[in-house]
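A.B. asks: Show me the folded form of this:
(2 chains)
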Protein chains: 2
Amino acid sequence: MGFVTIRDVAQKAGVSIATVSQILHGKGRFSKKTKKLVMNTVDALGYIPDSRAQAIRMSDSKMVGLLVPDLRNRYFADLVSSMENILYEEGFNTLIGTSAENVERQDSFITNILGQRFDGLIIIPQGVESAGLKALVKRNIPTVFVDRRVPGMDTIPYVVSDPRPGLVEAMRALYADGHRKIAYLAHPSLKSFSLNERAEAFKKLSPQFFGKSGSLILSSDGKSGSLEMGLNRIEEFGATALIFGYSPDAISCLGIFHDRGIKIGPCMSLISFDDIDVFNLMTPKISIISQQAEKMGRRGVEMLLEMIRNGVSGLGAMMSIPTIFIHRESVGPAPASGSHH
Amino acid sequence: MGFVTIRDVAQKAGVSIATVSQILHGKGRFSKKTKKLVMNTVDALGYIPDSRAQAIRMSDSKMVGLLVPDLRNRYFADLVSSMENILYEEGFNTLIGTSAENVERQDSFITNILGQRFDGLIIIPQGVESAGLKALVKRNIPTVFVDRRVPGMDTIPYVVSDPRPGLVEAMRALYADGHRKIAYLAHPSLKSFSLNERAEAFKKLSPQFFGKSGSLILSSDGKSGSLEMGLNRIEEFGATALIFGYSPDAISCLGIFHDRGIKIGPCMSLISFDDIDVFNLMTPKISIISQQAEKMGRRGVEMLLEMIRNGVSGLGAMMSIPTIFIHRESVGPAPASGSHH
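C.D. replies: The predicted model follows:
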């Protein structure tokens, strides 16, 4: 019922589409009764003749679609809100869809978008070349990837963050605080290019500070069983500091550390990616590696608006925003070996 | 460029719309050169002739719009995610817009929605009868209000929470713990019917437990100056317990209490509306009055789907979900009078 067509009016009134059309245009010869029936049906259904409907659609066409993996992740909520605000200032409305970190749902959103009138799309994509993403390229809809990119889809411009500067600063701070064995918790099951890139960067950079025997990378799917196992292995390894690539994992692990009586800061130093307010409200406050989400969102919007205004759908441009390390109470001096209980 | 029309093709190729139409339908007599030019332009722009475009739009029309005040408020993010999941299971895609707690932005979203093809809308509305909401009623688009309602717009069905059961349980627990003076922090500037209803419920119910001289209601706009002043007045009043109607205010005040050295639990008991995960992750864990958001969202979706399936746009139905009190560490025995520093 959302959009009433001439067909709906004809069906409801029990006449042909041609009859409705002719009566609406004041053409043809019909009984008063038929005319009245059709006009009443038009009113009752709220039908708007096509020309006017089209005019309404056209005047309202400044619309950008935004696809995001999960709005309950505060990092994405912040990124989305900042992009929405900039777009609103520039005269664009935003409609948001979520993929729930799922390729099928992402492609279902895209298929729907293709049937609506959007000027452009900003997507935080799943990391694989999907049918939906390919359809976007074919249809020449201006599209920008933000926060993550998709290997192989290089005609779509993207703005991502560079995990290395923040990671290097974080490791430098840990080393200066006496830490010699550190661990990294990755989350490869999401198949996110950015998450994988962070883990790769840790793998490459960490031995420069801590040697190969001082660095441990573990993987988790975020479920409590896998996180508990990960923390066991970190304890066995003797790490005194832990970096999380995916902030929801850090939040879950804080509860586990609390239950195990391991004090964050004195017993275990902790750093997470993502500048979200919870980390700044907790006791102790959690040190972070920030992607500067607002800056990244602003650049993404600027790229998209340029494409829309110039009528270009693919630039193949890319931009990388450096991460920064923010030192807070969760990072402290390394405890004496073996004493972190 | 999001939606290519026959006009775009004609313009690009430098021919008339009629020429493009005839060539696409294999009619008329045109030179090979013109035919090739038009067909190449159709390909280059990715134009899809109207009949096919319409077929695509029709097959993709199972779409629900969701309007929410602020996605950075975890309570709304949770409510939206649960509704989205149910809709997806039922075969509907969801597009989300935000109002930023602003009537103008809400109405801008609605105006845009009217130009797109939506089967129905779920709205967490601003509390006033706006032009946008009135347009929705006129256009017969199936609409449900969730979490908040709009006085005067009673043809739109709504699902809200009843603040009283949870509030009564919370006050009963505070009384049992020896509290005799309590305060409530309201947030009237948002003009939210639900927030105002909570404050009204406190005003009515609190004297039954604590007498008129034992109950204080304060208002804040959420900015730190107004929160600091509110907490000063609460201290002067001598309240040993504080209830927040709006969870973002509770989160902001936790920082202020921390800075002032007032310990939550032993010095000041604290309860907030909204069942969000942060409250369960903090030390101490914060007691809450839960609206049972998932239940509320599920009922809202069910109402909307019923309206869409039956082709009805307004039922005037209403449903009220009781709030529940969840007792956690932030509520403790009342400290001896005047000793809460």
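A.B. asks: Packing partners of the helix or strand hosting residue A:195?
C.D. replies: For residue A:195, the element it lies in under DSSP states H and E is helix A:193-210. In terms of contacts (3 or more CB pairs under 8 Å, 6 or more residues apart in numbering or on different chains; DSSP states H and E), helix A:193-210 is packed against strand A:158-162, helix A:163-176, strand A:182-186, strand A:215-219. (Each C-beta comes from the backbone N, C-alpha and C, glycine too.)
A.B. asks: mind checking which of those is nearest residue B:323?
C.D. replies: Closest approach to residue B:323 among these (CB to CB): strand A:182-186, 36.9 Å.
A.B. asks: now the closest one against strand A:215-219, angle please.
C.D. replies: 20 degrees (axes from the mean of the first three to the mean of the last three CA atoms, to 10 degrees).
A.B. asks: care to break chain A down by domain?
C.D. replies: A:6-58, A:62-161+A:293-322, A:163-291 (automatic domain parsing).
A.B. asks: Make a markdown table out of those domains and add mean pLDDT, distance to residue B:174 and mean neighbour count.
C.D. replies: Listed next are the domains of chain A as a markdown table, based on pLDDT from 0 to 100; distance: least, CB to CB, whole Å; neighbours: other CB atoms under 10 Å in any protein chain shown:
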| stretch | mean pLDDT | distance to residue B:174 | mean neighbour count |
| --- | --- | --- | --- |
| domain A:6-58 | 75 | 52 | 15 |
| domain A:62-161+A:293-322 | 89 | 30 | 20 |
| domain A:163-291 | 93 | 24 | 19 |
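A.B. asks: Those: which one's closest to residue A:335?
C.D. replies: domain A:163-291 (5.9 Å).
A.B. asks: so how far is the first residue of the closest one from its last?
C.D. replies: Criterion CA to CA, to the nearest Å; first-to-last residue distance in domain A:163-291 is 8 Å.
A.B. asks: now stretch A:106-125
C.D. replies: Stretch A:106-125: ends 8 Å apart by CA to CA.
A.B. asks: hmm, it in reach of chain B?
C.D. replies: Yes. Stretch A:106-125 comes into contact with chain B (CB under 8 Å from any CB of the partner chain), by way of A:108-109, A:111-112, A:114-120.
A.B. asks: for stretch A:12-31, same thing?
C.D. replies: No. Remark: stretch A:12-31 sits outside contact range of chain B, by CB under 8 Å from any CB, the gap being at least 10.0 Å.
A.B. asks: all strands of the stretch 1-150 of chain A, in order?
C.D. replies: Taking DSSP state E, counting those that start in this stretch as the test, the strands found in the stretch 1-150 of chain A are A:63-68, A:93-98, A:120-123, A:143-146.
A.B. asks: Tell me which strands the last one pairs with, and in which orientation.
C.D. replies: Strand pairing for strand A:143-146, determined by DSSP bridges: strand A:120-123 (parallel), strand A:158-162 (parallel).
A.B. asks: Contacts for it, please.
C.D. replies: With CB atoms under 8 Å, 6 or more residues apart in numbering or on different chains as the test, strand A:143-146 has contacts from A:79, A:83, A:120-125, A:136-137, A:153, A:156-160, A:296-297, A:300, A:303-304, A:307, A:313-314.
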